[in-house]
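Peer 1: Predicted model follows, preceded by the sequence.
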Amino acid sequence: MTAGQLKETVSVGLLGYGLLRAWVVMYLMIARQLSAEQFWYSFLLMSVIALAALLVVPLRRLPAYDRHEPLFDTLFLALGVAGSCFVFFGNQLCAGEYLNAGFAAIGLCGGYFEVRWGERFLPYSDRKVYCNLLLAFLLAAIIGIVASANVPSGLALAESLVLVGGMGALYMSSRHADGDRESNRASLLKPSSDSGAAPKGTARTLFNITLTVLLFSFVQMSSTSICYSSLPVSDIYNARFIANFATAGLLLLVFLLRGAISGLGLLKALLPITATGLFLQILDQSALAMVPVVILLVGNKLFDVLMLLLVIELSQRGRVNPTLSFSLFVGGKNFGCASGIAIGDGAVALIGSDPTLLSLFIGLLEVLLVVSFLWMFGIKDITSSASQAADRSDAAAPVASLHERALAAAGRYGLTPRETEILELLARGKNRETIARDHHLSKSTVHTHMIHIYQKTGVHGQQELIELVESISPDESPSTSLV
């Protein structure tokens, strides 16, 4: 990838998602380090994140939300700032009520913005989504570990405020930084008046993804809770550090070799990785040290990133509300983690040093892991059928007028038949990668046609092209070049 391509691919505004993840990771580590009630504060934080994520869907349907969206964003940011202060002073004063209020406020802020940041990725191509998610993940890995290591010092509050403030600033600025992208995102989020009910295949896909995320997160958090119980805090830091950078290195390698990928292929490779991590927990922990927890954390990080890629792809191509997709993903992941923490910590107290009970518990987790992947293995076929159903619906819907307008535009500007086909697809909001994949063309061929279309029509981007096509009367006669 050249420097110019990298500059076009990287979006500074999307790095705010990394700051959000780093901020949440910091408080998950703080919850683990508190001298008492470790299980409760982690459980509370993840449960409230999940609840806030699910509440975004009804919240966005309120008429007041559309009129005052920046006000709601500011309110949730204020909750994050207030929560940071409450946790800091609660820790200093050993006041449980302050800590409860602080973690709850942080959860509300984290759940809301994790869903909203997911929506920010919708207008971009597969390659740009993958690259920026990878960078955000790297940023979260570095900052989250460094920040959480300073919990005992007075730097904790300052670091927290910088993270949540930086995230909020990037979120607010990205709203105005690219008007075309924001317009495209809004069109993706707006439910189509002629779309009717969501295709059954898409609904089944969302159901499968939600259950997969819920079960996998439960297994991962239950098993890592057992590992954490036998490791000092310094080893937990080291394990997370190694796992984050090992995961980022693997994803970067795949990105450099293959470019943007579908997450489903790599997701299926996580079954043996996670199963190995679970099995190693049964062996002598004194000899293996951090090996099992590093393997489990690598599997967890890969799953998180790749499943999010899959949800973004589903939201871009499906006809279900994208906000619902991200809400179910974030909610399922955090409810799974919260219940995993509760069960894992409870299992530690029950099992103790009994190897038989530990083997039985790990065996149960292995079964649940297989079940979660059985749900996931059916996603590809369901997604394909949902996409085909959406395409058939598009062809039959009243959007036929867009086809007529595209023909009229082609007649006005003298486009070739292939350029006319690409023009209509661009006017429907499809990007270069999607057009190339769905119509069996190379990306360079589609790119060449796009350049010719932009030159002939005099526009400088896809949004201008969409507005141009919509402004043309379908009554204009097409040119002979279309015959």
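Peer 2: Yep, that arrived.
Peer 1: where does the strand or helix carrying residue 212 sit relative to the chain's centre, distance-wise?
Peer 2: Counting by DSSP states H and E, the secondary-structure element that holds residue 212 is helix 200-229. Between the centre of helix 200-229 and the centre of its host chain there is 14 Å, according to CA atoms, centre = their mean, to the nearest Å.
Peer 1: Which elements pack onto that helix?
Peer 2: helix 270-280, helix 291-317, helix 322-351, helix 355-377, helix 379-396 (3 or more CB pairs under 8 Å, 6 or more residues apart in numbering; DSSP states H and E). In short, each C-beta sits where N, CA and C put it, glycine included.
Peer 1: run the last query once more with 7 Å
Peer 2: Counting contacts by 3 or more CB pairs under 7 Å, 6 or more residues apart in numbering; DSSP states H and E, helix 200-229 packs against helix 291-317, helix 322-351, helix 355-377, helix 379-396.
Peer 1: could those go into TSV alongside distance to residue 78 and mean pLDDT?
Peer 2: Shown next, in TSV, are the helices and strands packed on helix 200-229 (distance: least, CB to CB, whole Å; pLDDT from 0 to 100):
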stretch	distance to residue 78	mean pLDDT
helix 291-317	27	82
helix 322-351	21	89
helix 355-377	37	78
helix 379-396	38	47
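Peer 1: could I get those as a markdown table with distance to residue 136 and mean neighbour count?
Peer 2: Supplementary listing: those in a markdown table, determined by distance: least, CB to CB, whole Å; neighbours: other CB atoms under 10 Å:
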| stretch | distance to residue 136 | mean neighbour count |
| --- | --- | --- |
| helix 291-317 | 9 | 23 |
| helix 322-351 | 15 | 22 |
| helix 355-377 | 23 | 16 |
| helix 379-396 | 24 | 16 |
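Peer 1: To residue 448, which of those helices lies closest?
Peer 2: Distances from residue 448 to each of the helices and strands packed on helix 200-229 were compared using CB to CB; the minimum, 23.5 Å, belongs to helix 291-317.
Peer 1: ok, back up a step: with residue 93 as the reference, name the closest of the helices and strands packed on helix 200-229.
Peer 2: Taking CB to CB, helix 322-351 is the member of the helices and strands packed on helix 200-229 nearest to residue 93, at 25.0 Å.
Peer 1: which residues touch the residue nearest to residue 329 when sequence neighbours are not counted?
Peer 2: Nearest in space to residue 329, with sequence neighbours left out and distances taken as CB to CB, 6 or more residues apart in numbering, is residue 311 at 4.8 Å. Residues near residue 311 by CB atoms under 7 Å, 6 or more residues apart in numbering: 209, 325, 326, 329.
Peer 1: and of those residues, the nearest to residue 273?
Peer 2: For residue 273, the nearest member of the contacts of residue 311 is residue 209. The distance, counting by CB to CB, is 19.5 Å.
Peer 1: Residue 172 versus the closest one, what's the distance?
Peer 2: From residue 209 over to residue 172 the distance is 30 Å, taken as CB to CB, to the nearest Å.
Peer 1: Domain-wise, how is the protein divided?
Peer 2: If you go by automatic domain parsing, the domain ranges for the chain are 12-190, 199-385, 398-482.
Peer 1: Mind telling me which of those the model trusts least?
Peer 2: Here the domains of the chain differ in mean pLDDT, and the lowest is domain 199-385 at a mean of 76.
Peer 1: Measure how far that domain is from the centre of its chain, please.
Peer 2: Mean-position distance between domain 199-385 and its chain equals 14 Å (CA atoms, centre = their mean).
Peer 1: Quick check: what element follows the helix or strand in which residue 426 is found along the chain?
Peer 2: Element membership of residue 426, judged by DSSP H and E, is helix 417-427. Tracing the chain past helix 417-427, the next element assigned as helix or strand by DSSP H and E is helix 432-438.
Peer 1: Can I get that next one in CSV, CA atoms only?
Peer 2: Taking C-alpha atoms only, helix 432-438 is exported to CSV below (Å, rounded to 0.1, in the frame of the first residue of the first chain):
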residue,chain,number,x,y,z
ARG,A,432,-16.8,-0.1,-5.8
GLU,A,433,-16.0,-3.3,-3.9
THR,A,434,-19.7,-4.3,-3.8
ILE,A,435,-20.2,-3.7,-7.5
ALA,A,436,-17.1,-5.7,-8.4
ARG,A,437,-18.0,-8.6,-6.2
ASP,A,438,-21.7,-8.8,-7.2
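Peer 1: Could you pull out the buried residues of it?
Peer 2: Along helix 432-438, these residues count as buried under the neighbour rule (16 or more other CB atoms under 10 Å): 432, 433, 434, 435, 436.
Peer 1: Which secondary structure elements does the helix or strand that it is followed by sit against?
Peer 2: Read in the C-terminal direction, the helix or strand following helix 432-438 is helix 443-457, with elements assigned using DSSP H and E. The contact analysis (3+ CB pairs under 7 Å, 6+ apart) places helix 443-457 against helix 417-427, helix 432-438.
Peer 1: Quick one, which of the ones you listed gets closest to residue 244.
Peer 2: Evaluated with CB to CB, those place helix 432-438 nearest to residue 244, the distance being 27.9 Å.
Peer 1: Show me what that closest one is packed against.
Peer 2: Partner elements for helix 432-438 (3+ CB pairs under 7 Å, 6+ apart): helix 443-457.
Peer 1: Show me which residues of the helix it packs on are buried.
Peer 2: Buried residues in helix 443-457, defined by neighbour count with 16+ other CB under 10 Å: 446, 449, 450, 452, 453, 454, 456, 457.
Peer 1: quick one, what contacts the closest residue in space to the second one that isn't next to it in sequence?
Peer 2: Think residue 449. On the basis of CB to CB, 6+ apart, the spatially nearest residue to residue 449 that is not a chain neighbour turns out to be residue 422, at 4.5 Å. With CB under 7 Å, 6+ apart as the criterion, the residues that contact residue 422 are 435, 446, 449, 450, 453.
Peer 1: Tell me where the stretch 51-200 of the chain has strands.
Peer 2: Taking DSSP state E, counting those that start in this stretch as the test, none of the stretch 51-200 of the chain falls into strands.
Peer 1: I'd like the contacts of residue 311 as TSV, with distance to residue 72 appended.
Peer 2: Written out in TSV, the entries for the contacts of residue 311 read as follows (distance: CB to CB, whole Å):
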residue	distance to residue 72
209	27
325	20
326	16
329	21
